[in-house]
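A.B. asks: take this sequence and fold it.
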Amino acid sequence: MSLRARLSTVETCGSFRTAAEERFWDGFALATECGDRRMGAIYLFGYVAEILLKAAFYRAIGLADTAPVGLGAIRAHASWQGRNFHDIRALALLLVDHRRQTGAPFDPAFAGLLAMHAATVDANWNESLRYREISASDAEVVEVYRSVEWIRDNAHVL
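C.D. replies: Numbers count the residues shown, from 1 in each chain. Next comes the predicted model:
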């Protein structure tokens, strides 16, 4: 049986967080153990941020860990202004705005840190990197890693 045939057809908040953790460690391995694989590390780290922010939004709108998720909830939200559904900065702003609208706002300093880390990832990553032939510097990898690590470390309160 092929890998794709073994995939679940239902994505959930819980499966998002599990996938994010696995991709984080895949990216970490590329960043630290595999020679010049820094671009691959940034590519995976960007998806980690995206997955965690989406999972946080789904949780914020009341979905349980086992509930199916989809892009419809993001698309339908009045605050959504992303360029596409991979837009890290827009996902973070959507989460901050949704929490504010529902009376459970983040502390302003925390919201600022979230926006800053999302902007750092967004400045270095987008899904089109898969089509690019370019090298990433050590400094870029460290910058993205630190921001994704902050998002990952704070995912439980997002």
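A.B. asks: what separation do you get for N154 and I74?
C.D. replies: In this view, N154 and I74 are 20 Å apart by C-beta to C-beta, to the nearest Å. For the C-beta atoms, the positions are set from N, CA and C on the backbone; glycine is no exception.
A.B. asks: the more surrounded of these two?
C.D. replies: The neighbour count for N154 versus I74, taken as other C-beta atoms under 10 Å, is higher for I74 (22 against 16).
A.B. asks: tell me which element that one is part of?
C.D. replies: Here I74, judged by DSSP states H and E, is contained in helix 72-76.
A.B. asks: quick one: buried residues of the helix or strand that that helix is followed by?
C.D. replies: Using DSSP H and E, the helix or strand that follows helix 72-76 in sequence is helix 88-101. The neighbour-count check on helix 88-101 (16 or more other C-beta atoms under 10 Å) flags 88-99 as buried.
A.B. asks: what's the spacing between the helix or strand bottoming out on mean pLDDT in the chain and its chain's center?
C.D. replies: One helix or strand of the chain scores below all others by mean pLDDT, DSSP states H and E: helix 3-6, with a mean of 85. Its chain's C-alpha centre and that of helix 3-6 lie 23 Å apart, by C-alpha atoms, centre = their mean, to the nearest Å.
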